[in-house]
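Visitor: missing the sequence, but the structure's below:
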């Protein structure tokens, strides 16, 4: 048994049981991958996969147990590399952040600027996606950190920590009738077509919950994953927008008007997610603290330790 065999096993499952895709992802040959999996099965004395001819169709129950252990071993092997790199080159390496458009566009720029200035030798990458994609990238090791509002806390293999709370606002074109209202209410908002986030993004669940609680059925005319897209269509006069307040910048959004809606929708919490038992480089701790000053190295390390002890 060797780590290469475990990598082949993990990649086959990650590629939907397609050996050819796994071989391509690992830059090796399909026969070589198949041979190594057979050797692993022979050594363990079990069948890891259910086969239909040469095609893999499922993971067996013993195979699922082997896969879970293999992933832990691969994770630990990667942690060993990270630990060695930490002592060899503390101020160089790579840090990949998986996050949403709203966070990347409006919340992260000051942190990224400070981080790059402090660690010019670290290559920083931003991967944008929806919260489910963000969680999956952190779990698979494609990203070191995930930052999003929805869903991250639902994954048992992630340690999630709250960064900050934020509220929604309503935006309208210039001179819109809604601007004349003395008090913004859900009923008044529902009188107009609404442009807002796709359900998976930026507190959309809080928006839906508020209307449902009031027994109001809003006209959701258009949804998007991008705050800038929402603002574009509001500016075109296709409706009013509901978006994260942080995404409205008065000096840039001069053709729009903003109304605070913090009293109508419950606040949302942006969270940071890290894979359990992950070894974090020193600069990773610093990035987290730059983004959320209350999440010091001690706080994050303690959360990781508590998570590991609970398993």
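Guide: Looks like it came in fine. Only a predicted model underlies this, so the values are computations on that prediction, with no experimental measurement involved. Numbering: from 1, shown residues only.
Visitor: could you pull out the helices for the stretch 101-250 of the chain?
Guide: Along the stretch 101-250 of the chain, the segments classed as helices by DSSP state H, counting those that start in this stretch run 101-102, 109-118, 131-140, 186-189, 204-213, 227-235.
Visitor: So which of these is nearest residue 72?
Guide: Residue 72 lies closest to helix 131-140 among those, at 12.6 Å (C-beta to C-beta). From N, CA and C alone the C-beta is placed, and that goes for glycine too.
Visitor: so what secondary structure elements neighbour that closest one?
Guide: Counting contacts by 3 or more C-beta pairs under 8 Å, 6 or more residues apart in numbering; DSSP states H and E, helix 131-140 is packed against strand 93-99, strand 145-148, strand 158-166, strand 268-275.
Visitor: returning to that earlier point: if you compare the helices of the stretch 101-250 of the chain, which one is most tucked away?
Guide: Mean neighbours per residue, mean count of other C-beta atoms under 10 Å, is largest over these for helix 101-102, with a mean of 23.
Visitor: just to revisit the earlier point, any chance of CSV for the helices of the stretch 101-250 of the chain, columns distance to residue 14?
Guide: Below are the helices of the stretch 101-250 of the chain laid out as CSV (distance: least, C-beta to C-beta, whole Å):
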stretch, distance to residue 14
helix 101-102, 25
helix 109-118, 29
helix 131-140, 7
helix 186-189, 43
helix 204-213, 29
helix 227-235, 31
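Visitor: Turn the ones you listed into JSON lines, columns for distance to residue 197 and mean pLDDT.
Guide: Below are the helices of the stretch 101-250 of the chain laid out as JSON lines (distance: least, C-beta to C-beta, whole Å; pLDDT from 0 to 100):
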{"stretch": "helix 101-102", "distance to residue 197": "8", "mean pLDDT": "91"}
{"stretch": "helix 109-118", "distance to residue 197": "20", "mean pLDDT": "96"}
{"stretch": "helix 131-140", "distance to residue 197": "11", "mean pLDDT": "90"}
{"stretch": "helix 186-189", "distance to residue 197": "15", "mean pLDDT": "97"}
{"stretch": "helix 204-213", "distance to residue 197": "5", "mean pLDDT": "93"}
{"stretch": "helix 227-235", "distance to residue 197": "7", "mean pLDDT": "96"}
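Visitor: Figure out which of those is closest to residue 22.
Guide: helix 131-140 (13.6 Å).
Visitor: any idea of the angle that closest one forms with strand 158-166?
Guide: 140 degrees (axes from the mean of the first three to the mean of the last three C-alpha atoms, to 10 degrees).
Visitor: Now do helix 131-140 against strand 268-275, angle only.
Guide: 20 degrees.
Visitor: how many other residues sit next to residue 2?
Guide: By other C-beta atoms under 10 Å, the residues close to residue 2 number 11.
Visitor: Could you measure from it over to residue 274?
Guide: 28 Å (C-beta to C-beta, to the nearest Å).
Visitor: ok, now residue 213?
Guide: 34 Å.
Visitor: ditto for residue 50
Guide: Counting by C-beta to C-beta, the gap from residue 50 to residue 274 is 34 Å.
Visitor: More neighbours: which of these two?
Guide: Between residue 50 and residue 274, counting by other C-beta under 10 Å, residue 274 is the more crowded of the two (23 against 14).
Visitor: Spit out the contact partners of residue 1.
Guide: 40, 43, 44 (C-beta atoms under 8 Å, 6 or more residues apart in numbering).
Visitor: And the second one, how far from residue 5?
Guide: Residue 43 sits 9 Å away from residue 5, taking C-beta to C-beta as the criterion.
Visitor: Neighbour count: those two, which is higher?
Guide: residue 5 (19 against 11).
Visitor: wait, the more buried one sits on residue 40?
Guide: Yes - using C-beta atoms under 8 Å, residue 5 is in contact with residue 40, at 4.5 Å.
Visitor: and residue 261, backbone torsions?
Guide: phi -120, psi 20 (degrees, to the nearest 10).
Visitor: What is the burial count for it?
Guide: Residue 261, neighbours per other C-beta under 10 Å, totals 21.
Visitor: wait, doesn't it sit right on residue 166?
Guide: No - applying C-beta under 8 Å as the test, residue 261 and residue 166 come out as separate, 11.6 Å apart.
Visitor: between these two, what contacts are shared?
Guide: residue 245.
Visitor: who does residue 257 bridge with?
Guide: residue 172 (DSSP bridges).
Visitor: wait, isn't it in contact with residue 174?
Guide: Yes - Residue 257 is in contact with residue 174 according to C-beta under 8 Å; the separation is 6.3 Å.
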